[in-house]
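Visitor: Please find the sequence and the predicted model below.
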Amino acid sequence: MWGIVPAAGRGSRIQPLAFSKELLPVGSRLDGETERPCAVSEYLVERMLRGGATKICFVISPGKSDIMEYYGGGYGAATIAYVVQPRPSGLCDAIFRATPLVPADEQVIVGLPDTVWFPADALAELPDNKLSFLLFPVDHPEFFDAVAMDRDGNVLEIQVKSKDATSRWIWGAFKMSGAILAELRDLWQARNGRDEYIGTLVNAWLAQGGKAVGVKAGERYVDVGTLNGYRTAIGMLGETAQPDERPTPGLRVELGRPDGRPFETADILANRSPRP
């Protein structure tokens, strides 16, 4: 199973940073008996592994070589590959850059690398061979992509950042077969690539007879792409994360000062080099 991580965005909502937003330290992880800072994207990668992924594809922009330096060729037991999105062209374009890697009969998970959510094993609830969305309840669905469903959980519409959203359940990740991924790519190309958001493309796919389901297995969801979300995620991890839900050790590169001490939040958000 593949996991696709679209990581080519600029992260303008939380700039300036001295590194890619996907490497923003949020919480910590255990490296043996030593506690280390944890990059926000590790939470998604770890959840993909728990959901069955054995291969991860990061979609990066040409200027994000620090992600390659951080993750290298693997994470835990998973192999990592990279593809390049030459210019910022939206989420659909980023996801479909990975299509050539995914066989039609293999499953694929897509998630957002600047989010933290629980439970950590929720992706395991998504079925195979269907377009299925992992859903989370939120108080303000107008800021996300809300998912409207019928009583049986069939998706009727993705309400993309709609102030009139009729559902408080938003998608945080989704799963499908490689064959469905290719169908969505073909439809996107037939629509001249005008869909920036996956929600509008899925709506068009549903309108022509496609089917999708929503799974209400999520409990807590935070978008870490803003300062408020960053603070909320720190608090949530302190309250919720259990030792067995921390990201898997195995990375060789550490974020921190030359003497081994972690960056301070003020250093990170002010985009200044920490004092040794």
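Guide: Yep, that arrived.

Visitor: Could you check the pLDDT of the residue most central in space within the chain?
Guide: If you average the C-alpha coordinates of the chain and look for the closest C-alpha using Cα atoms, centre = their mean, you land on Leu112, 1.7 Å from that point. We note a pLDDT of 97 for Leu112 in this prediction.

Visitor: I'd say it and Gly172 touch.
Guide: Yes - at 7.3 Å, Leu112 counts as touching Gly172 under the criterion of Cβ atoms under 8 Å. Where you see a C-beta, it was placed from the backbone N, CA and C, and this is true even at glycine.

Visitor: Overlap in contacts, these two.
Guide: With contacts defined as Cβ atoms under 8 Å, 6 or more residues apart in numbering, no residue is adjacent to both Leu112 and Gly172.

Visitor: how many neighbours does the nearest residue to Thr115 once chain neighbours are set aside have?
Guide: Nearest residue to Thr115 in three dimensions, chain neighbours excluded: Asp223, at 5.6 Å (Cβ to Cβ, 6 or more residues apart in numbering). Number of residues near Asp223 (other Cβ atoms under 10 Å) recorded here: 21.

Visitor: what's the answer for Pro62, then?
Guide: The burial count assigned to Pro62 is 10, neighbours taken as other Cβ under 10 Å.

Visitor: Not counting sequence-adjacent ones, nearest residue to it?
Guide: Using Cβ to Cβ, 6+ apart, the closest residue to Pro62 is Val84 (6.1 Å).

Visitor: how many other residues sit next to that neighbour?
Guide: By the criterion of other Cβ under 10 Å, Val84 has 13 neighbours.

Visitor: Next, work out how far apart it and Ala94 are.
Guide: Counting by Cβ to Cβ, to the nearest Å, the separation of Val84 from Ala94 is 10 Å.

Visitor: now Val116: how far from Gly218?
Guide: Counting by Cβ to Cβ, the separation of Val116 from Gly218 is 12 Å.

Visitor: what about the two, which has more around it?
Guide: With neighbours defined as other Cβ under 10 Å, Val116 and Gly218 compare such that Val116 has more, 28 against 23.

Visitor: what lines up beside the host helix or strand of Cys57 in the sheet?
Guide: If you go by DSSP states H and E, Cys57 is part of strand 55-60. Each strand pairing with strand 55-60, determined using DSSP bridges, is listed with its direction: strand 2-7 (parallel), strand 78-84 (parallel).

Visitor: mind listing what's buried in it?
Guide: 55-60 (16 or more other Cβ atoms under 10 Å).

Visitor: With just CA atoms, put it into PDB.
Guide: Coordinates of each C-alpha in strand 55-60 appear next as PDB, following Å, rounded to 0.1, in the frame of the first residue of the first chain:
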ATOM      1  CA  LYS A  55       5.700   2.800   0.800                       C
ATOM      2  CA  ILE A  56       5.500   6.600   1.200                       C
ATOM      3  CA  CYS A  57       5.700   9.100  -1.700                       C
ATOM      4  CA  PHE A  58       6.400  12.700  -0.800                       C
ATOM      5  CA  VAL A  59       5.400  15.200  -3.400                       C
ATOM      6  CA  ILE A  60       7.800  18.100  -3.000                       C
END
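
Visitor: which residues are in contact with stretch 62-78?
Guide: 3, 7-8, 19-20, 22-23, 39, 41-42, 45-46, 48-49, 53-56, 58, 60, 79-80, 82, 84, 86, 248, 250-253, 255.
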